[in-house]
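K.L.:
With the sequence up front, the predicted model follows.
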There are 2 protein chains.
Amino acid sequence: MDRVSPRSSAADAVRTREAIVGRAVDVSSLEGLEGLTIGRLAGDLRMSKSGLLGHFGTKESLQLATLDAALRRFREEVWDRVDDEPPGLPRLLALCDAWISYLERGVFPGGCFLTAAAAEFDGREGPVREAVADALALWYRVLEAEVRTAAKAGQLPPDTDARAVALQLNALAMGANQAHQLLGDRRALRTARALMRDVLGASGR
Amino acid sequence: MDRVSPRSSAADAVRTREAIVGRAVDVSSLEGLEGLTIGRLAGDLRMSKSGLLGHFGTKESLQLATLDAALRRFREEVWDRVDDEPPGLPRLLALCDAWISYLERGVFPGGCFLTAAAAEFDGREGPVREAVADALALWYRVLEAEVRTAAKAGQLPPDTDARAVALQLNALAMGANQAHQLLGDRRALRTARALMRDVLGASGR
């Protein structure tokens, strides 16, 4: 990794900040957002602790910036990839493929970032927990809206419980992520993809 | 909490060890097994750090003992409660009820302990990760064996994929735990229970 040193211009400050956050995403993907320490990160980036803290002020600001960057990466790797698909069922099916592919390709070294952050912060209080909860709530809303669109278009039964479908899809991604990350079970990813299609009434497609 | 101080007899040592582990289970349920610090725990129990370390030697031994105690509690609260049920589908249905009830009753202050430990350690290496992986693998084997028993008894279709059913049940428990812990969504627990019954072909029962 190149040496990152304090510089004067605003553009350089932005680049330094991005380098710090990029490294923080990788570290916290493996060891959690609480596992981020200013000292460890400064060592990895060959910066001084005070230089690194100058960019963020507190560990909490660094955690929030790291979560934000990870969520942006998730959106790019999953949601943005299906944005061109027709709304409703086609987009949902493409979304499930992109979601499983995101897990399969190991976009984050430690598996799904949001799942890990949710497990880490659901017993804590404070701004990081709130940000994680907001992200999960948003993801549920996105999934539910797409399920309702599919139901309105007659692609799913009219009485489909959008929340229950969103819960199932999210649960299957979580379960597959866990079996893959912890047990090295790659088959779980394919199984989850097939089960997601069952949930959406599109088995075999 | 009563003062726990070093004593001489073996029985006292066992009681002190149990008090330490009991407190460690509660702390790590909220803040993770990595969040366990000897100093914090010693303060909570009004022991000296060296007195506490005398019972475990290393933080890793304490983490392993804590995980072991948490898994025992999970088994008591979920698996042992359905041991008297007839094998196969009746036991699986009772198991799903006990599992959701375990989440609903908040047996651990931070929700499902194994799910949290799995997310925390799936990006790490070492004996704690191995112990978490072993526990998850065992849980999968227990679920799969029961599904196969149900299939052999004609209570589930003969071509049932036991691994896929186990993945679905585990995923639903994880998803419900996440929505409950992070979003305060109690309905997710009821939804997951109903969906588990769907998976087992027993909707409405």
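P.N.:
Received it, and whenever you're ready, just let me know what you need. Residues are numbered from 1 along each chain as shown, chains lettered A, B, ... in the order given.
K.L.:
for the helix ranked longest in chain A, the distance to its chain's centre please.
P.N.:
Using DSSP state H, we find that the single longest helix of chain A is helix A:127-152. Computed by CA atoms, centre = their mean, to the nearest Å, the chain-centroid distance of helix A:127-152 equals 13 Å.
K.L.:
average pLDDT across that helix?
P.N.:
Mean pLDDT, computed over helix A:127-152, is 98.
K.L.:
same thing with stretch A:196-205?
P.N.:
pLDDT averaged over stretch A:196-205 gives 87.
K.L.:
so does it get close to chain B?
P.N.:
No: Stretch A:196-205 does not reach chain B (CB under 8 Å from any CB of the partner chain); its nearest approach is 9.3 Å. In this view, the C-beta of every residue, glycine as well, is placed from N, C-alpha and C.
K.L.:
So which bits of that stretch are buried?
P.N.:
Going by neighbour count (16 or more other CB atoms under 10 Å in any protein chain shown), the buried part of stretch A:196-205 is A:196-197, A:199-200, A:202.
K.L.:
isn't residue A:139 right up against residue A:112?
P.N.:
No: at 11.0 Å, residue A:139 does not count as touching residue A:112 under the criterion of CB atoms under 8 Å.
K.L.:
So if I had to pick from the two, which one is more boxed in?
P.N.:
residue A:112 (26 against 19; other CB atoms under 10 Å in any protein chain shown).
K.L.:
measure the more buried one to residue B:178 for me?
P.N.:
11 Å (CB to CB, to the nearest Å).
K.L.:
joint contacts of these two?
P.N.:
residue A:174 (CB atoms under 8 Å, 6 or more residues apart in numbering or on different chains).
K.L.:
Next SSE downstream of the longest helix of chain A?
P.N.:
For helix A:127-152, the succeeding helix or strand toward the C-terminus, using DSSP states H and E, is helix A:162-183.
K.L.:
for the helix or strand that that next one is followed by, the distance to its chain's centre please.
P.N.:
Reading on from helix A:162-183 to the C-terminus, the next helix or strand found by DSSP H and E is helix A:187-199. Computed by CA atoms, centre = their mean, the chain-centroid distance of helix A:187-199 equals 19 Å.
K.L.:
Next: stretch A:22-31.
P.N.:
12 Å.
K.L.:
Go ahead and name everything in contact with it.
P.N.:
Contacts to stretch A:22-31, defined as CB under 8 Å, 6+ apart, come from residues A:1, A:35-36, A:40-41, A:44-45, A:62-63, A:65-66, A:69-70, A:73, A:108-111, A:113, A:116, B:34, B:123-124.
K.L.:
at 7 Å instead, please
P.N.:
Contacts to stretch A:22-31, defined as CB atoms under 7 Å, 6 or more residues apart in numbering or on different chains, come from residues A:35-36, A:41, A:44-45, A:62, A:66, A:69-70, A:108-110, A:113, A:116, B:123-124.
K.L.:
Please pick the buried ones from those residues.
P.N.:
The neighbour-count criterion (16+ other CB under 10 Å) marks A:35-36, A:41, A:44-45, A:62, A:66, A:69-70, A:108, A:110, A:113, A:116, B:123-124 among the contacts of stretch A:22-31 as buried.
K.L.:
Next, the buried residues of the helix or strand hosting residue A:72.
P.N.:
Using DSSP H and E, residue A:72 sits in helix A:59-74. For helix A:59-74, burial by neighbour count (16+ other CB under 10 Å) applies to A:59, A:62-67, A:69-71, A:73-74.
K.L.:
Check stretch A:86-101 too.
P.N.:
Buried-residue list, stretch A:86-101, by 16+ other CB under 10 Å: A:88-100.
K.L.:
mind checking pLDDT for residue A:71?
P.N.:
According to the model, residue A:71 scores 97 on pLDDT.
K.L.:
Residues of chain A that sit close to chain B?
P.N.:
Residues of chain A lying near chain B by CB under 7 Å from any CB of the partner chain: A:29-32, A:34-35, A:109-111, A:115-116, A:118-120, A:122-124, A:132-133, A:136-137, A:164, A:167-168, A:170-172, A:174-175, A:178-179, A:181-183, A:188, A:191-192, A:195.
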